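Participant: task: produce atomic coordinates for the following.
(chains A and B)
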Amino acid sequence: MSGGSSLMDSIFQRSLEDLIKSVRLHLPGGEPTVISKALEEIRREIRSTDLTTKAEALQKLTYLHSLHHADMSWAAFHAVELSSSAFLPHKRAAYLAASISFRPSTDVLLLLTNQLRKDLNSTNHLEGSLALECLSVICTPDLARDLTPDLFTMLGSSKNLVRKKAIATSLRVFSQYSDAVRVCFKRLVENLESGDVQTVSATVGVFCELALKEPRAYMPLAPEFYRILVDSRNNWVLIKVLKVFAKLAALEPRLAKKVVEPICEHMRRSGAKSLVFECIRTILSSLSEYESAVKLAVAKVREFLVDDDQNLRYLGLQALSLVDLKHLWAVLENKEVVIRSLSDADPNIKLEALQLVMAMVSEDNVTEICRVLITYALKADPEFCNEILGFILSACSRNVYEVIIDFDWYVSLLGEISRIPHCKKGEEIENQLTDIGMRVEDVRPELVHVGRNLLIDPALLGNPFIHRILCGAAWVSGEYVQFSTNPLELMEALLQPRTNLLPPSIRAVYIQSAFKVLTFCLNVAFLPNEAAYSSSSCPINEYSASPSFAGHESLTDCEQDEFLNLRVLSQSVKAPSVKNGGDTAVNHVKTSASLPLRNDILTQKSADKMFTLVKTALAPLVGSHEVEIHERVCNILGLLELTQNEMTGCFSREKGNFETEELKAYETIKMMRNAFSEEIGPVAVSARDRVPIPEGLVLEENLHNLETICGDVQFPISSSFFLGRPHSGERDGVSFFNRPIIEVSESSNESTLLTEHRKRHGLYYLPSDKKEVVSCEYPPPNDPKVQDDITDDAEDLVKLTEQSLVRKKKPSQAKPRPVVLKLDEGDEISVAAEKPESKDDMVSGAVRELLFGSDAIPPSTQINSSDKLSSKRSGKVSEVNENVGNVRKSEHRTPSSRKSKHHCHGKERESRSSEKNIELREENGQSNKQKSGHRHGRHKARQRADGIANVVSQTPVIPDFLL
Amino acid sequence: MGIRFILMVNKQGQTRLAQYFEYLTIDQRRALEGEIVRKCLARNEQQCSFVEHRNYKIVYRRYASLFFLVGVDNEENELAILEFIHLLVETMDRHFGNVCELDIMFHLEKAHFMLEEMVMNGCIVETSKSNILAPIQLMDKAS
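Facilitator: This next block holds a predicted model:
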């Protein structure tokens, strides 16, 4: 760059003010042009040798960077350059630019080290504080390491302005370089006793941040904090100290006892809401066992809750949410305010209130609360409505529906929720519908009823948010079709024309459910005698230890009911008018009278109707491009074709006359019915991990040679179809091994091809003898384990009622809680709590080493090492001052034993510890003097830093932290 | 670290001052500012001054056309931060005399400097107005 152009730049340089004005005046949309033009100028000007020009350019760049997000990483070097200017405003501009734009990876960062050191040691405190401000933002491990000695010096500065900044900076330095703790910590602690409020404030701020991460390490400082808590009248300081105590008191009950009274005192005395709120928070979160304190805090919360200021109302609600479970009375006392807050003008307040309401939920009040919330949801705006619904769903399903006793009620509530216009919780409701269906056997009839009501409503199909719910409803209706009061109606609902509004994946579920319904009906028609039996009793065949059917041989009343029920159901196929499940009681009489007539359950007419329905609805879908739909349609039409002719024949005969066993279709239908009537249970999240990898299965190997295999695969054409359970695959990737796989009309030719193929490429198939292992993945629905769960449940209930608001449990529930199938383990995902060693840990490790002396070392070596350390130290002390009393030395020699003594002698504690504290303070004074010798020698201080690991600080190893 | 960032935004949503106490890239800053501005400026006078966003708690207050937004940790005392905002405004008021948006725009560096006197590394270190302004006045004299 020539001198001329530099001069021109200086003379004609636009000032920052000009720049700001030009940016403000730009034409709409012209901002980027203005900025890029300005940046061009800046790039030129910043290279100027004239520092004023350079500084102005850097200021402009800083402005553009921080308000217009312009890149300024390229100017890092110029900032470093300018920081060496002796002129303060230049230096200030440079440091501001550095602290705003530098990042840990900025390569010129290290060039700043020397300048920072120079300024830190400057006699001008303004320079020092500029450097500290910059360091506190851009500090990296390297900078921290190099500047720790200087920081140490500044921590003892006589100027409060500098000292408090050094204190604040030390937090940042500690986090980058944990060894700095060993050097600076003692001085930091000394600042707690400073007479200057701001210094104390900064120090407490630093300790508050440190203690939040690892409170235990700071326990020995409790006496200092206590003194501040009692003496200080500065609210900023008190708030920070309270935060520290909130952490410490949780760890040490005796400390809690000590601080609870001063905290209450502040709460009573102070007019500052911020301090009062902090006291409330501390008491409710950490001192909840002090009844009187909690009462006082709750009274204050109440004042907040009824205040006109929305901020206080919000915080009041938040404070209530901190209330411990055993003080739920506090929430209940304010129940009305909380409920009223549900209609507050502020969504945040509403949300807090909602969280509180949900925290109150127990099995006794869940119905009532849900009713209230649903009315609120209906009135609320869409967003909050969904918040409410989400909370209801998650609260009710918490811990495998532990608060739900009346599942019939809950299932119908789900149905009700689905019809709320703004409801967008489709996925969650779908999951719960299917989940409850699988887990709670007793609720299935109601579930099917709710599902049917959703499915038959054509209007719902138009709302995409409900599609997922319909999917769940369709699945339960198909899966538990034996509870349906009117399968024909169900079939119509599943195949109604508006289902074309559904996404293909859900439509596939509809069609599959229709398949199940058809199979069920055909089964009933072919096997009138067995129909009722096989539909529900399949589990009995497979697991004879069914709890509800345990007394299968001698039917109790209830079971007989169920038996009859099924017949009613079958019956109602013929009589579609009987839809209402509530009529069953009446029907029992009818049915038992009409039992002999059960053969013509599916009349010719209704069968024809169903067949036509299926055909007309599904025939157009044979050409669907969606594989899922295509395949299922082919399945169902294939089944229809297979059975239709014989059905006609069957109906034309005299009833009771035909031999079902002779019919070809009979076998097929029976097999399929068996396949479908096997229960699907919930699967543990960890189920797949428990399946051992079969021997010889190589999962890691490259599969490039698959191509050759795929090449000779002959895709079978639809003449043979495959009737696995589509859901099994979706639900649990492995369990299809134990599903009956039925290949209908398999041609022998194809099967030999298949075996040949398998033989050749056996590597890619799982061996088929793993059935045993796989079948253990989830407890079969009637497994004895369920019995355990029942007792568990009972225990849970007892526990809950103990905690619950209404202490006494109603002796007899109107309805016993049905069995909820729970997996013994793995229902919740266990998160491996791995805690990596972070920098924070290192900081607190170093702190602990300093404060506890050797406490961090295992007990066996403790005494020895502390002996060694303290002897080293006392040797050092005696070098400086021979007057150190022997008594004191020997006291110091066994800090740990003394500490333990104090734990025992609670009563003498007060007097003795105060003596000792005085002694220790004296010694502090000495060590200060001793250290002040080092203060000016940076070099020496550096040495200290290097060798410091071995030197135990003379910080009062305050033995009695319980005051 | 109690305070994570301090933003001043006018009611059109333009950032007038941004001070971060942790490192974020330009894109992260831009995104964060945009989200917060959208969230907070939409709120009305009857709504409370606290908004939760990502893992921050935003405490904000509106003075005339300018919003002061402070992002803090969850542990921080919200009311104390409100007081801090008020203190900041009073301090600026004392320095500029009836402070307005333009004062902060044209004296961005000074505004930063005041903030740095009050907050370091996310901790509030100075709460006395005269102490905060003393170094600024000294430096003004020097230049």
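
Participant: residue B:7 falls within a helix, correct?
Facilitator: No - counting by DSSP: H, G, I helix; E, B strand; the rest coil, residue B:7 is not part of a helix but strand.

Participant: test my guess that it contacts residue B:59.
Facilitator: No - when contacts are counted by Cβ atoms under 8 Å, residue B:7 is not listed as touching residue B:59 (11.2 Å). C-beta: built from backbone N, CA, C; applies to glycine.

Participant: who has more neighbours out of those two?
Facilitator: residue B:59 (26 against 23; other Cβ atoms under 10 Å in any protein chain shown).

Participant: am I right that the more buried one sits in a strand?
Facilitator: Yes - judged by three-state DSSP, residue B:59 forms part of a strand.

Participant: nearest residue to it in space, please, no chain neighbours.
Facilitator: Spatial nearest neighbour of residue B:59, chain neighbours left out: residue B:81 (4.2 Å); criterion: Cβ to Cβ, 6 or more residues apart in numbering or on different chains.

Participant: now swap in residue A:396 and tell me
Facilitator: residue A:404 is the one closest to residue A:396 (Cβ to Cβ, 6+ apart), at 5.8 Å.

Participant: from chain B, how far off is the one you found?
Facilitator: Separation of residue A:404 from chain B (Cβ to the nearest Cβ, to the nearest Å) stands at 30 Å.

Participant: ok, residue A:419 next?
Facilitator: Relative to chain B, and taking Cβ to the nearest Cβ, residue A:419 is found at 30 Å.

Participant: which residues touch that residue?
Facilitator: residue A:460 (Cβ atoms under 8 Å, 6 or more residues apart in numbering or on different chains).

Participant: same check, this time on the one 10 residues further on
Facilitator: For residue A:429, the set of contacting residues under the criterion of Cβ under 8 Å, 6+ apart consists of A:393, A:414, A:417-418, A:423, A:468-469, A:472.

Participant: ok, and the closest non-adjacent residue to it?
Facilitator: Residue A:429's closest residue in space is residue A:469 (Cβ to Cβ, 6+ apart), at 4.8 Å.

Participant: any shared contact partners between residue B:7 and residue B:59?
Facilitator: B:69-70.

Participant: any low-confidence regions in chain B?
Facilitator: B:1, B:143 (pLDDT under 70).

Participant: in the helix ranked longest in it, which residues are buried?
Facilitator: Scanning chain B for the longest helix, with DSSP state H as the assignment, gives helix B:78-96. Within helix B:78-96, the residues that count as buried by 16 or more other Cβ atoms under 10 Å in any protein chain shown are B:78-85, B:87-89, B:91-92, B:95-96.

Participant: so residue A:822 sits in a helix?
Facilitator: No - Residue A:822: not assigned to a helix; according to three-state DSSP it is coil.

Participant: that one: neighbour count?
Facilitator: 21.

Participant: what's the answer for residue B:141, then?
Facilitator: 8.

Participant: now residue A:667
Facilitator: For residue A:667, using other Cβ under 10 Å, the count is 12.

Participant: mind exporting the strand or helix carrying it as PDB, just the C-alpha atoms?
Facilitator: Using DSSP states H and E, the element containing residue A:667 is helix A:664-677. Taking only C-alpha atoms (Å, rounded to 0.1, in the frame of the first residue of the first chain), the coordinates of helix A:664-677 have been written out as PDB:
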ATOM      1  CA  LYS A 664     -61.700 -77.400   1.500                       C
ATOM      2  CA  ALA A 665     -62.200 -73.800   2.700                       C
ATOM      3  CA  TYR A 666     -62.900 -75.000   6.200                       C
ATOM      4  CA  GLU A 667     -59.200 -75.800   6.900                       C
ATOM      5  CA  THR A 668     -58.000 -72.600   5.500                       C
ATOM      6  CA  ILE A 669     -60.400 -70.500   7.500                       C
ATOM      7  CA  LYS A 670     -59.600 -72.400  10.700                       C
ATOM      8  CA  MET A 671     -55.900 -72.000  10.200                       C
ATOM      9  CA  MET A 672     -56.300 -68.300   9.600                       C
ATOM     10  CA  ARG A 673     -58.600 -67.800  12.500                       C
ATOM     11  CA  ASN A 674     -56.100 -69.600  14.700                       C
ATOM     12  CA  ALA A 675     -53.400 -67.300  13.400                       C
ATOM     13  CA  PHE A 676     -55.300 -64.200  14.100                       C
ATOM     14  CA  SER A 677     -56.600 -65.300  17.500                       C
END
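
Participant: show me the helices in the stretch 451-600 of chain A, by range?
Facilitator: Using DSSP state H, counting those that start in this stretch, the helices of the stretch 451-600 of chain A run over residues A:467-479, A:487-494, A:504-526, A:528-542, A:557-574, A:584-594.

Participant: lowest average confidence across those, which one?
Facilitator: Lowest mean pLDDT within those: helix A:584-594, a mean of 37.

Participant: give the other helices and strands that whichever helix or strand comes after that helix contacts.
Facilitator: Following helix A:584-594 in sequence order, the next helix or strand is helix A:604-618 (DSSP H and E). Other helices and strands packing on helix A:604-618, by 3 or more Cβ pairs under 8 Å, 6 or more residues apart in numbering or on different chains; DSSP states H and E, are helix A:487-494, helix A:504-526, helix A:627-652.
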